[in-house]
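Visitor: everything below, folded, please.
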Amino acid sequence: MKKILWMEWLFQKTQKVSMFLGYFSGVLVLLMVACIIYDVVMRHIFNDPTIWADEFSCYLLVAITFLGAAYTLVIDGHIRVETIVERLPHKVREWVEFIADILGFGFLIIFGCFAFGLAWSSYIDVNLASTLVRTPLFIPQLSVALGLTWLCLQMLGVILQRSVRIWKKE
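Guide: Residues are numbered from 1 along each chain as shown. Sure, this is the predicted structure:
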């Protein structure tokens with residue numbers, strides 16, 4: 001019983017950080033919108049385009065996507081095709097979703113390891129964007145790696161919760 005309480009406590013803490021990252025991604029959306037509006041105003045009203053707004057907007061979009069992924073999992077907002085699964089008996093559906101979660105978790109671990117490897121390689125090799133701003137590429141790549149890491153933790157919590165539900169019913 002203590003193990004279940006410990007897992008529940010850990011899952012709640014993970015969810016809180018996921019919620020924070022979701023709201024932080026919302027703030028990044030506002031920042032991205034501000035960059036785009038600034039660029040449009042400078043370009044079309046003052047005929048003085050910026051060299052950084054488009055690039056930073058792209059980096060912010062990447063950060064928004066990956067840092068907000070765990071939040072999307074918390075609110076059950078990820079896209080899935082349920083045409084066949086919804087017609088299965090409840091017990092079979094739970095097992096199919098459990099297996100799908102484990103496969104997704106495996107994919108996320110592999111993807112996350114490659115993302116950290118890419119960010120680390122870019123940091124060590126001092127890779128810079130081939131733009132006028134010359135942004136160090138490890139910065140946007142790190143947002144991918146961190147977002148995937150937190151999504152892995154959130155997915156692990158979902159898997160543990162689902163496994164407890166499955167084994168309590170049996």
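Visitor: number of residues surrounding residue 20?
Guide: Residue 20 has 14 neighbours, counted by other CB atoms under 10 Å. Glycine gets a C-beta too; all of them are placed from N, C-alpha and C.
Visitor: gap between the helix or strand hosting it and the chain center?
Guide: Residue 20 is part of helix 2-44 when elements are defined by DSSP states H and E. Relative to its parent chain, helix 2-44 has a centroid offset of 9 Å by CA atoms, centre = their mean, to the nearest Å.
Visitor: summarise which helices and strands it is packed against.
Guide: On a contact count with 3 or more CB pairs under 8 Å, 6 or more residues apart in numbering; DSSP states H and E, helix 2-44 meets helix 53-67, helix 69-74, helix 138-169.
Visitor: please identify the buried residues of the next helix or strand after the shortest one?
Guide: The first helix or strand that comes after helix 69-74 along the chain, using DSSP H and E, is helix 90-124. Buried residues in helix 90-124, counted by 16 or more other CB atoms under 10 Å: 94, 97-98, 101, 104-105, 108, 112, 115-116, 118-119, 122.
Visitor: now for those residues: which two are most distant?
Guide: 94 and 122 (41.2 Å; CB to CB).
Visitor: what is the nearest of the buried residues of helix 90-124 to residue 80?
Guide: Residue 80 has its nearest neighbour among the buried residues of helix 90-124 in residue 97, at 9.0 Å by CB to CB.
Visitor: so the closest one makes contact with residue 84?
Guide: No: counting by CB atoms under 8 Å, residue 97 does not reach residue 84; the two are 12.0 Å apart.
Visitor: where does pLDDT dip in this structure?
Guide: Applying pLDDT under 70 to the chain flags residues 1-4, 169-170.
Visitor: need the buried residues of helix 90-124 in JSON lines (columns: distance to residue 35).
Guide: Formatted as JSON lines, those follow (distance: CB to CB, whole Å):
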{"residue": "94", "distance to residue 35": "44"}
{"residue": "97", "distance to residue 35": "39"}
{"residue": "98", "distance to residue 35": "42"}
{"residue": "101", "distance to residue 35": "36"}
{"residue": "104", "distance to residue 35": "32"}
{"residue": "105", "distance to residue 35": "34"}
{"residue": "108", "distance to residue 35": "29"}
{"residue": "112", "distance to residue 35": "28"}
{"residue": "115", "distance to residue 35": "24"}
{"residue": "116", "distance to residue 35": "27"}
{"residue": "118", "distance to residue 35": "24"}
{"residue": "119", "distance to residue 35": "23"}
{"residue": "122", "distance to residue 35": "23"}
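Visitor: that'll do, ta.
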